[in-house]
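>>> Fold the stuff below for me.
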Amino acid sequence: MLHPTHSNPTNSVKKVLKPKYKVIALTGPQGSGKTTQLKLILDKIDAEFASVGDILRSILPYSDKPEHQEAREMMYSGVLIPDELTFEILKDYFKKKQENGETKEVLFFDGFPRTALQAEHLYELARIYHGHDADSLPPIAIARMTLEHGHAKKRCLDRAESLRKAGKEARVDDTDEAITKRLGIYFDSVPHLNKAFEGKAHLHEFEGNRDVHEVHADVLERLFE
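Next up, the predicted model:
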């Protein structure tokens, strides 16, 4: 499992890659391969990986703050924590990173932002993490893996079936109906996200229905020097 901070030992490959961006958010429909690409990148550079879920799980069980206790109860009951509450928790987390000198050159997000409101949150978190004021932003890239609805759905169903056949646990909501609903929400959000990215983040789209290593070569060429 990837953790809130993902560090990699120094190797010769890291010296070759020079990031063009300070913040990179990998997005795309479920099954498009964004997490696979993230893992391949993190094998090559020493960067910070911010998993919203992992950050919440690292903070909420151990905090006595009333707002954290409220969020913890939601998390344990399976209720989605409201965006604004999640945002406040992440702001505190990244502020401490900045104040303690624990930041890295590149900050990665996986599957975030999913909405236009979350895009605005992304910009503020980027400012906090990299120490920018309210009038400036570090260079931000949105790396969107694209995949047609039907292909994405088939990948999700095939992946769940493979896990079950191997005796491993698949998501309980990896059903035809639930996957169709999640993908519908994602594709409906794309036009709103595109508008939210204008003038603030560079959008790069990568066709996900290709060989993993072909996609990866494309990602490296466009996001790194």
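
>>> can we go C-alpha only for contacts and neighbour counts from here?
Fine.

>>> Quickly note the distance from the residue located most distally from the centre of the chain to D158.
Residue farthest from the centre of the chain, counting by Cα atoms, centre = their mean, is K165 at 28.3 Å. To D158, K165 is 10 Å away according to Cα to Cα, to the nearest Å.

>>> Equivalent analysis for Y21, please.
Y21 sits 34 Å away from D158, going by Cα to Cα.

>>> Between these two, point out the one with more neighbours.
Y21 (18 against 14; other Cα atoms under 10 Å).

>>> Surely F206 is in a strand?
Yes. Counting by DSSP: H, G, I helix; E, B strand; the rest coil, F206 is located in a strand.

>>> Need the nearest residue in space to it, chain neighbours excluded.
Nearest residue to F206, sequence neighbours excluded (Cα to Cα, 6 or more residues apart in numbering): M145, at 4.9 Å.

>>> same question, Q30
A152 (6.5 Å).

>>> these two touch, right, the one you found and S32?
Yes. Between A152 and S32 there is a contact under Cα atoms under 8 Å: 6.2 Å.

>>> more crowded one of these two?
Remark: of A152 and S32, S32 carries more neighbours, 26 against 23, as counted by other Cα under 10 Å.

>>> I figured T146 was touching H204, is that so?
No. In this structure T146 lies outside contact range of H204 using Cα under 8 Å: 10.1 Å.

>>> who's more crowded, the two?
Neighbour count, other Cα under 10 Å: between T146 and H204, T146 has more, with 20 against 14.

>>> quick one: low-confidence ranges for the protein?
Counting by pLDDT under 70, the chain contains low-confidence ranges at 1-16, 171-173.

>>> got the residue ranges for the strands in it?
Shown for the chain, the strands assigned by DSSP state E span residues 23-27, 48-50, 107-110, 140-146, 202-207.

>>> quick one, which of those strands is nearest to R182?
Across the strands of the chain, R182 has its closest neighbour in strand 23-27 (14.0 Å, Cα to Cα).

>>> any idea how far that closest one is from the chain center?
Computed by Cα atoms, centre = their mean, to the nearest Å, the chain-centroid distance of strand 23-27 equals 6 Å.

>>> Which elements pack onto it?
Where contact means 3 or more Cα pairs under 8 Å, 6 or more residues apart in numbering; DSSP states H and E, strand 23-27 is packed against helix 34-42, strand 107-110, strand 140-146.

>>> Got phi/psi on the nearest residue to H132 once chain neighbours are set aside?
Nearest residue to H132 in three dimensions, chain neighbours excluded: P138, at 7.2 Å (Cα to Cα, 6+ apart). As for P138, its main-chain torsions (degrees, to the nearest 10) stand at phi -70, psi 160.

>>> Any idea how many residues pack against P138?
By other Cα under 10 Å, the residues close to P138 number 18.

>>> ok, the residue sitting nearest the centre point of the chain - contacts?
Residue closest to the average C-alpha location in the chain (Cα atoms, centre = their mean): D110, at 1.6 Å. Contact analysis of D110 by Cα atoms under 8 Å, 6 or more residues apart in numbering lists 25-27, 34-35, 38, 50-51.

>>> cool, T115 as well?
189, 192-193.
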